[in-house]
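Peer 1: okay, predicted coordinates and the sequence, questions at the end:
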Amino acid sequence: MHFIEKTKAFLGFDIKADKYALVDDPIFGKVAKDKAPDKWVRSTCGYCGVGCGMYIGVKDGKAVYSKGDPLHPVNLGTLCPKGLSEHQMVYANSRVEKPLLRKNAQLTPSSWEETFTHTANEFKRIQAAYGKGSVAVISTGQLLTEEFYALGKFVQLGLQTSNYDGNTTLCMASAVMGYKQTFGSDGPTGCYEDFEKADVIMLIGANIADNHPILKLHIAKNESVTGKKPTIIVIDPRKSKTAQMADIFVPLKPRSDLALINGLCYIILEQGWEDETFIKERTNGYVDFKKHILANYPPQEVAQITGIEVKELYNLAKIYASADAVMSAWTMGVNQSSIGTDTVSAICNLALITGNVGREGASPMSITGQCNAMGTREFGFTSSIPGYRNYASSADRQTFADLINVPVDLIPQKRGYAYPQIIDAINRGEIKALWVVATNPLVSYPDQNALREALKKLEILVVQDAFMSDTAQIADVVFAAATWSEKEGCYTNSERRCNYAQKAVEPLGESKADLDIILAFSAYFEEKHELLFKDLKSAKDVFEEIKRVSKGQLCDYSEMSYEKMETLGGIQWPCNADTPQGTKRLYEKEMPCRTENGKANLLSVSWLPLSEMTSKTLPLMLNTGRTVEQFHTRTKTGTVGILDALAPEAWVDLHPNDAHRLLVGSGDRIALSGSRGRVEDVIVKVSQTVREGNIFVPFHYNEQLINAITLAEFDPKSFEPNYKQCAVQLHSKAVPEGIVYEEIKISGFLEGVKHYEEEVFLEETVQEAKR
Amino acid sequence: MAVQALSEHTPLADFINHKTNTGMQCGNYSIDLPVLNEGEQYRFHFDATACVGCHCCEVACNEQNANPDEIKWRRVGEMEMGAFPDTLQLFNSMSCNHCIEPACLIGCPTESYVKFDNGIVWHDDPSCIGCQYCTWNCPYEVPTFNADRGIVTKCHMCADKLELGQSPACVQACPSNAIEIEVFNVKQWLEEDMSKEGVAPHLPDVAITKPTTRYTLPKLKEGETLRVADEHLLKPAHAELPLVFMTVLTQVSLGAFLALFLGELLFALGFNLPQPNLTMALLAFIPTAIGLPLSALHLGRPIMALKAMKNWRTSWLSREAIALGAFTGLVSMVALLYYLQKTGVGLLLLEAVTLAVGIYGIYAQSMIYRIKARPSWDRSSTNKKFFGTGYVGFLLITSVLLAYNGTQGAMVLLAITLLAGMAQTFVIFEEMMFYQNLDKEDPLYYQYNRSRILLQEHFTTVKKLRVYSLAIFALALPLLALLFTASGLVGWAMISVLLATLGAFVSELSGRYLFYRTVVPLGLAGNFFAGNQRH
């Protein structure tokens, strides 16, 4: 600045009134003049699975505003703090504006042609030398459905490798598999409207206040819709923000949820509170199920496992069974578990025996984490053939091949490696090339040290991302991708609602929409491009093919169109000739399940103890999760100043008694260690939101990489990691060796039952009190 | 401005008048409010039982008003009570409470605050000079200084929008409908409801400004301790260096002038003491002449400094500016009379007037800090300290007396200096005792205790310097100078007095520095990382 201007600024001649003025916008009312948009583009939020409708304000070709769409049934004009500031991340310094190639150990901006040629040649070389399966792809839940479909088609039928999975395996896979084994197909059964209409809302392992705050809107509406306050039950080992809403908070022991739910089933069956008609008409396997539950989950046993008193279990069961409509919703607390799939089925069992499926306000509902985790489930070509088709079914393979006009033997007959199996295969040397799309394993994958060792063995790592993520930084090739607001297509939210996201601005720099990257890259595999993408030039072309592919399937898009989605504010599948406006709930009375006989399966699922228990040297239980200000690995939200200032680094929630043992207070810094790794310099937040001996650390942060400690143990059915429980020790400056809990001494044995001195003492006190 | 039409598939042309089916104020871009009857105003209602601490309101507010990230008109305070599993996480989303007796308005020297008939406390940006006195006065730390603009800004309940029937940004954005605009009767509120529904944990006494925000709170267990999320964050307050120098220098001037006046008076009464002279008058003039303009440097808009005199009716800052301005002018006239050698009764009278104006000026100056929002300032020791600093002026005049061979006068003045120095020492001692014996039951304990921690742990060295330097330069050296003077060792006496003057000046500066840095204001609980309002 010129000296005179500097002086003038110092003296305060100009208060920049214009910069801070408001101006009338004819559509949304007063807006900040400095960034008053010259057009509003209707779109959908690209963060989480709630799927909020929004308008992107565009000024001079740049996204400058995000406003909640008041007509959209999901968010009714509201947006969470991430959505409200979403336009800011589009212009972050960390955006990748040009494709990058590693040359002389440096990632160097290159032309798309050079980048694609190099990558295609490498893939071809590696596949020729080590077989088709030596190239693996890990994708995401962040792309648009059209992009997922194109990517899946290219990977499975073009690259012909089945070693393809999404990061959705780290978050939604258990819900998918649980729904599949119970209802015969994936597909969240309920809708957000159920939050408004339920008498009882049971949130289990779901911290919606931090992760899906807009769902609170529907809970807030409940009272005015039903005329009375709903009973909210929150089941969580942590007194989360969500738990503050609870009428009944159930502070169960970590990952004892399956036992709790089975225990509730026991009480309901024992008391005869079950819905006999529903069970008879709509379910399979009741006899075996009842036998299993009554034999294995008596309340005393369940109270032991869960830490919830028998009386409270009866109370919960009664509330659940006596309510007209119960909505049960869950997220990662249930899914991210080595028994996640079965826990999902257990929740469905409970809903089924009480008839809480397929009615208003009554559904077992999984809430998804990412904006389009659902899209990849439907058409991603990872765990199933697009349109919820089964690899094992020759009929499904044939239909699909016919629909898209490819030879049937090109369709894989079984699923390839899931995400953790891909990492294992890299470690074994079986997979030599990895293509990572819009995900950041270097923060999000468990047991980071093992992962990083494995990735070193790759011959080529390709990362396709809009941001210079931690993983992009170690890549050999980076495909510069466009992000939200820069591309067109649709996202499916947790309630199966397909929302249309319009393109508002041009991709930054030379970056390309992921669909365009896939289409352009496939052209380097000549005959494959011709076979797979001949008629697919735009998102709309792909969407039309998706409609054809989905026709008659549960995720039926056949009567959808972009225009209709806009008019209705998204459409919930199935949307076909019978249900042209979409379907709110699955498995209503007239809608059979996708099992052989159309009935849901009651499954005899079993609780298993944690494989990694606390011990003398690792005496605390670590729980990980998220915070409202940040999204996943912070590649986006970390660049938004106002959000980052509220949660700039990871912290550890520590019970005051444990803090006392470590001689630390809030604001002090400690280290965490487990059997797989150690994390230094984590700030302490002394809090009564965690139980003594339990700690919580958010996983978003690459500096305090908590996934260096988490356990790489996976659900055998869904391959989802057991992120939420592992044993750790804490180290403060004053107490570097960490916490040592005093063992409770055994005072004696009585008929084979251990009696602890504490209990004896308690009994004595009771006796004394009686006297 | 031509805004392009919405997509043809969008059913509505605008959303301002569209009502969502939330059935609540949230989500809507428009708001239906009843017409205000006589005695009614608008206010915020905050439902702490509905809030889930999502920070939507904060972000929406900044997006609406194009404020930079660090400026927050609305903040979410975070607190915790109780023991697991009966833990209560308590959130308080607060912007301006649009008080009935707004401390910002009362203290503002430029009358830049207006209380609208509809209750909104509006800040008039163009007239603000950026003195930031309102940021001290508000017990909720609502007004914030925007360095980019050089002025203070604050929440205005989106007054412009409200007038047109549009929703305030925070109300529109809250997914829990925890923030609403309501109409209330002022009389009813003041007489009955405020004491019950206007109070929330950790917030200051409602009696200070009579805030209008209505709270719905969860059941709070009596006697349970409240844990404030940002308690571990303790940053010293702004040093306000221009004010450190301005206050000390003007106070030194007043002290010097008092000595000069006493000399003139005693001389007039016929005591055998030297008559004050031009040098003394100049020494009384120079510090305030330097100090007063210095204060303009702390303003966001120094060019507008003179406007500070506008609100003499209610603002101590205006009164200070007027009185000390007049004092400086009058001292220069006194100096002129000495220069013209026009002494006599007229001069004595002028000096008496000047002194009175000066005393009022320093009194007004000290009253600036007697504000409820800043407990460590709001003690009578502040007034005492400000006057107490005047002994440095005595030392200045003593040096002149010694130089002009007025040893008898010097001895008298040194004796008075010693008394004054002891008084100042006593004030500091009282303060130390106060912080050593804080009462945990005191409603201001949280702030007092944090001031104590700042004093004892953050500024240990400065505090030691202050205490020891006071003993040496205000007491030991003047005593020594008295001894030297009485023994006829005028040269040694001179050296002692000059050293004492310099040392005492530094001591007072360091004391004042501590005064500014260790103040801990009342306010909302903060965020674990971002803390409370920035200062």
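Peer 2: In hand now; what should we look at?
Peer 1: can stretch A:554-568 be said to contact chain B?
Peer 2: Yes. Under the criterion of C-beta under 8 Å from any C-beta of the partner chain, chain B is reached by stretch A:554-568 at A:563, A:566-567. C-beta coordinates here come from the backbone N, C-alpha and C atoms, glycine included.
Peer 1: centre of the chain to stretch A:57-73, how far?
Peer 2: The chain centroid and the centroid of stretch A:57-73 are separated by 25 Å under C-alpha atoms, centre = their mean, to the nearest Å.
Peer 1: quote the end-to-end distance of it.
Peer 2: This stretch, stretch A:57-73, spans 20 Å end to end (C-alpha to C-alpha, to the nearest Å).
Peer 1: mean confidence score for it?
Peer 2: Stretch A:57-73 comes out with an average pLDDT of 95.
Peer 1: check whether it contacts chain B.
Peer 2: Yes. Counting by C-beta under 8 Å from any C-beta, chain B has neighbours in stretch A:57-73: A:65-66, A:68-71.
Peer 1: which residue does chain A have closest to chain B?
Peer 2: In chain A, the residue that lies nearest chain B is A:G12 (2.5 Å; C-beta to the nearest C-beta).
Peer 1: now the buried members of the residues of stretch A:554-568 next to chain B.
Peer 2: Buried members of the residues of stretch A:554-568 next to chain B, scored by 16 or more other C-beta atoms under 10 Å in any protein chain shown, are A:566-567.
Peer 1: which of the residues of stretch A:57-73 next to chain B tops the neighbour count?
Peer 2: In terms of neighbours by other C-beta atoms under 10 Å in any protein chain shown, these top out with A:G68 at 32 neighbours.
Peer 1: looks to me like A:N222 is in a helix.
Peer 2: Yes. Under DSSP: H, G, I helix; E, B strand; the rest coil, A:N222 sits within a helix.
Peer 1: could you find the closest non-adjacent residue to it?
Peer 2: With C-beta to C-beta, 6 or more residues apart in numbering or on different chains as the criterion, A:N222 has its nearest non-adjacent residue at 4.7 Å, and that residue is A:P230.
Peer 1: how about the strands in the stretch 1-150 of chain A?
Peer 2: Per DSSP state E, counting those that start in this stretch, the stretch 1-150 of chain A carries strands over the ranges A:22-25, A:29-32, A:39-44, A:53-59, A:62-68, A:100-103, A:106-109, A:135-139.
Peer 1: element containing B:W136, please.
Peer 2: When elements are assigned from DSSP states H and E, B:W136 belongs to helix B:133-137.
Peer 1: next helix or strand past that helix?
Peer 2: strand B:144-146.
Peer 1: hmm, back to that, pLDDT on the helix holding B:W136, on average?
Peer 2: The pLDDT scores in helix B:133-137 average 97.
Peer 1: ok, now how distant is A:Y417 from B:T398?
Peer 2: For A:Y417, the distance to B:T398 (C-beta to C-beta, to the nearest Å) stands at 91 Å.
Peer 1: and if you look at A:L159?
Peer 2: 94 Å.
Peer 1: and those two? which has more neighbours close in?
Peer 2: B:T398 (32 against 25).
Peer 1: surely the more buried one forms part of a strand?
Peer 2: No. Assignment of B:T398 by three-state DSSP gives helix, placing it outside any strand.
Peer 1: contacting residues around it?
Peer 2: By C-beta atoms under 8 Å, 6 or more residues apart in numbering or on different chains, the residues touching B:T398 are B:259, B:410, B:413-414, B:417, B:478, B:481, B:497.
Peer 1: report all helices and strands that the longest strand anywhere in chain A contacts.
Peer 2: If you go by DSSP state E, chain A has its longest strand at strand A:678-686. With contacts taken as 3 or more C-beta pairs under 8 Å, 6 or more residues apart in numbering or on different chains; DSSP states H and E, strand A:678-686 sits against strand A:651-654, helix A:656-662, strand A:669-673.
Peer 1: hmm, who's touching the last one?
Peer 2: For strand A:669-673, the surrounding residues in contact (C-beta under 8 Å, 6+ apart) are A:618, A:622, A:652, A:662, A:664, A:678-684, A:695, A:697, A:706, A:709, A:728-733, A:738.
Peer 1: how about 10 Å then?
Peer 2: A:617-618, A:620, A:622, A:650-652, A:654, A:659, A:662, A:664, A:678-684, A:695, A:697, A:704, A:706, A:708-709, A:728-736, A:738 (C-beta atoms under 10 Å, 6 or more residues apart in numbering or on different chains).
Peer 1: could I get the contacting residues of the residue lying closest to B:L12 once chain neighbours are set aside?
Peer 2: Closest residue to B:L12 apart from its sequence neighbours, by C-beta to C-beta, 6+ apart: B:H18 at 5.5 Å. B:H18 is in contact with A:70-71, A:77, B:11-12, B:28-30, counting by C-beta under 10 Å, 6+ apart.
Peer 1: now swap in B:L477 and tell me
Peer 2: Residues near B:L477 by C-beta under 10 Å, 6+ apart: B:395, B:414, B:417, B:421, B:471, B:495-504.
Peer 1: identify, from those, the entry nearest to chain A.
Peer 2: Chain A lies nearest to B:L502 out of the contacts of B:L477, by C-beta to the nearest C-beta, at 31.1 Å.
Peer 1: what sits against the closest one?
Peer 2: Residues counted as contacts of B:L502 (C-beta under 10 Å, 6+ apart) are B:392, B:395, B:473, B:477.
Peer 1: the strand or helix carrying it - what's its average pLDDT?
Peer 2: Using DSSP H and E, B:L502 sits in helix B:490-517. The average pLDDT for helix B:490-517 rounds to 97.
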